[in-house]
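Colleague: I'll drop the sequence and a predicted model, then ask my questions.
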Amino acid sequence: MPVVSAWALGWAAIAARGAVPFPDEAAWTGLGAVDDPAGDVEGLGPAGDLVGEASWTAVPEALFLRVPVAAAPGAEPHGWGFLVDTDGVDADFEWAVTVDGPERAVHLLVNATGADGAWVADVVATPPAAVGDEAGGEVRVVEAGGQVLLDVQIAAGDLAALGVGPTDGLRIVPFTSAYWPLGLADVGGCDGTMSACADLAGLWPDAVAMDEDGDGLAPPIEAALGTDPGDADTDDDGVLDGEEAEDGNGDGISDALTCDTDGDGLADGTERGVAVRPAATKASGCFVPDADPSTVTSPVLADTDGGGIPDGLEDANHDGAVDPWEGDPLDPDDEADADADGVPDRYDDLFGAGPDDDSDGDGLLDAEEGIGDPDGDGLPDFADDDSDGDGIPDAVEGAGDADGDGTLDFRDVDADGDGLLDEDEGAVDFDGDGLPDFQDDDSDDDGITDGYEGPVDVDTDGDGVPDRHDLDSDDDGHSDAVEARLDSLGRPKDTDRDDVYDFRDDDSDGDRILDRNESDTADADCDGIVDVIDGDPEDGFCDTGVAEPDVTFEPLPEDVTLVRTPPAGCGCDTPGGPGGAWALLVGLVLLRRRGR
């Protein structure tokens, strides 16, 4: 991915008249073609069209505009310019840029009345005075791709005088201006004076802003870098993209795309001394506020002091300050480490003479434990036999990662990621599966994770056994494994939607029949739903499987009428209900009698 040169970052020296270096070719981007389908607004034929597609880019100091000008012989010395819309109204433009005369002087002209072609004084002076020219470096003519290109820059200060800020949207379209103030031409079919153009709506391309997200970079620059023009801190490291757009470590990628450019474990913002996240950035990502902004380390050198230990290992808690037991990433003399375990000798010696591979004797190497202190008890992990302070020794927790969250179990207060603290779950292995409860997210192996059965002291049926160890949490005669019925997201089901999971609900289907009195295998009405979760266990029809006699029915004689009145007390008088079935039965009986 190309990295834009220093001019694009706004760091280049500004010339005496205020001009800044023009951009590299890769930084320009199109504004959109002029709405001229015929390509013949001057009557010269497509080859004689005077205005091509305009381009733009920007730095904090200036807006750059470009237009091809040499499609017609001898046309280039004439005036050129750009109409600019700032209010989003198609019918008018607010101001324009003109480049006029042999000296190619730049003017900013205001259309104060809002009417097409109704101009007033130049914003600088009356009569119009130039805000730049070719001699001052604000205009240049270059050749590229067989075209002559006219480039012009407008200082940010001059834009501010027009009320245009870095984040304001601009719609820009090029034109030719043969004479000032007689008329403007070649504006999407609006030849001659602007008063002859009835409709500007077809001219305007999409709006652009010099700095859409306020990070110091224009969208074309961000496109070249690969950063997000709508995100002031693309890599979420606490540094605005414009402040780290360079490729400091020479990997061919802008530093604005990498949260930890040198890979030392410290966010670039922390290394730069950023104590407060910039307001324009997101509250996410790897940024850690610098606890000591008075000291900074290099975001592009993993070992700032060259002492042999990366900055992120010396600053074990990654907060930017030199805390107890930590090394100083700016002091190369404090990093002697004879056994190369990441623990400087000066700390190793505190727990016995000379280097020690396992200073606290917990079975974990000092190189694995390091000098961090996650439980804040004043002892670094290599000297602490319970690094996370959860009551379970590091020797038991080990250096695995049960829940795969990137935090090793001896530092993880919830090693299995089930939402229950290790200190509450303990090291017992209730279900005998070889995993202690603190590393087992389903301690009783009932198919429901402890996180849904916990907190650890919840005991739904009051039998003295917490739900996470109780195979029938509601004591309804149906095991939790059967009542789990996990949904597509792995959560236990709540059949009657009463906010009580079935494994805790003594009436799972809300039919006012206790689960203990319903079957979790039988389906009384043969509707495919077992009774215990069937809110209406009598709404179906069961085929008993008994074969009916092989009977041939004859058509009803014309003089036979079916009786459709149900017997007294049936309580089923709807035509399509059981009463209809009773009438049919009567008819069948009559038929069978006639057939004998």
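Modeller: Everything's here; your move. Numbering: from 1, shown residues only.
Colleague: so where's this protein shaky on pLDDT?
Modeller: Within the chain, the ranges that satisfy pLDDT under 70 run 1-18, 32-52, 70-79, 112-129, 177-202, 279-284, 349-355, 541, 543-596.
Colleague: could I get the full set of strands for it?
Modeller: 29-32, 54-59, 62-68, 79-85, 95-100, 105-110, 139-144, 147-155, 171-179, 183-185 (DSSP state E).
Colleague: reformat these as CSV; add distance to residue 296.
Modeller: For the C-beta atoms, the positions are set from N, CA and C on the backbone; glycine is no exception. Listed next are the strands of the chain as CSV, based on distance: least, C-beta to C-beta, whole Å:
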stretch, distance to residue 296
strand 29-32, 35
strand 54-59, 26
strand 62-68, 31
strand 79-85, 42
strand 95-100, 42
strand 105-110, 42
strand 139-144, 39
strand 147-155, 33
strand 171-179, 41
strand 183-185, 54
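Colleague: between those strands, which one is closest to residue 362.
Modeller: strand 54-59 (56.5 Å; C-beta to C-beta).
Colleague: what angle sits between the closest one and strand 62-68?
Modeller: 160 degrees (axes from the mean of the first three to the mean of the last three C-alpha atoms, to 10 degrees).
Colleague: going forward, the N-terminal residue is numbered 796.
Modeller: Yep, numbering from 796; the last one is strand 849-854 now.
Colleague: could you tell me the end-to-end distance of stretch 944-959?
Modeller: Stretch 944-959 has an end-to-end distance of 26 Å (C-alpha to C-alpha, to the nearest Å).
Colleague: likewise for stretch 1113-1132?
Modeller: 20 Å.
Colleague: contacts for it?
Modeller: Identification of contacts with stretch 1113-1132 by C-beta atoms under 8 Å, 6 or more residues apart in numbering yields 1060-1062, 1065-1066, 1068, 1083-1088, 1090, 1092, 1098-1104, 1106-1112, 1138-1142, 1150, 1166, 1168, 1173-1175.
Colleague: please apply the same query to stretch 1059-1074.
Modeller: Identification of contacts with stretch 1059-1074 by C-beta under 8 Å, 6+ apart yields 1027-1028, 1030, 1032-1035, 1039, 1050, 1053-1056, 1078, 1080-1086, 1088-1094, 1097-1098, 1105-1108, 1110, 1113-1115.
Colleague: how far away from the center of its chain is it?
Modeller: 20 Å (C-alpha atoms, centre = their mean, to the nearest Å).
Colleague: please spell out which residues along that stretch are buried.
Modeller: Using 16 or more other C-beta atoms under 10 Å as the test for burial, stretch 1059-1074 gives 1059-1067, 1069, 1072-1073.
Colleague: what does stretch 1166-1173 give?
Modeller: Buried residues in stretch 1166-1173 (16+ other C-beta under 10 Å): 1166-1170.
Colleague: ok, back up a step: please pick the buried ones from the contacts of stretch 1113-1132.
Modeller: 1060-1062, 1065-1066, 1083-1086, 1090, 1092, 1098-1100, 1102, 1104, 1106-1112, 1138-1140, 1142, 1150, 1166, 1168, 1174-1175.
Colleague: helices along the stretch 1046-1195 of the chain, start to end?
Modeller: 1063-1066, 1106-1109, 1140-1143, 1161-1164, 1189-1192 (DSSP state H, counting those that start in this stretch).
Colleague: count the residues that sit near residue 1235.
Modeller: Residues within reach of residue 1235, counting by other C-beta atoms under 10 Å, total 24.
Colleague: find the nearest non-adjacent residue to it, please.
Modeller: Closest residue in space to residue 1235, ignoring its immediate chain neighbours: residue 1211 at 6.0 Å, by C-beta to C-beta, 6 or more residues apart in numbering.
Colleague: got the contact list for that neighbour?
Modeller: 1197-1198, 1220, 1233-1236, 1245.
Colleague: closest one of those residues to residue 932?
Modeller: For the contacts of residue 1211, the minimum distance to residue 932 (C-beta to C-beta) is 60.9 Å, reached by residue 1198.
Colleague: residues in contact with the closest residue to that closest one other than its chain neighbours?
Modeller: Of all residues not flanking residue 1198 in the chain, residue 1212 sits nearest, at 3.1 Å (C-beta to C-beta, 6+ apart). Residue 1212 makes contact with 1197-1200, 1236, according to C-beta under 8 Å, 6+ apart.
Colleague: any of the residues you listed buried? List them.
Modeller: Buried members of the contacts of residue 1212, counted by 16+ other C-beta under 10 Å: 1197-1198, 1236.
Colleague: could those go into JSON lines alongside distance to residue 1009?
Modeller: Shown next, in JSON lines, are those (distance: C-beta to C-beta, whole Å):
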{"residue": "1197", "distance to residue 1009": "43"}
{"residue": "1198", "distance to residue 1009": "39"}
{"residue": "1236", "distance to residue 1009": "44"}
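Colleague: nearest to residue 1265, of those?
Modeller: Nearest to residue 1265 among these, with distances taken as C-beta to C-beta, is residue 1236, at 16.3 Å.
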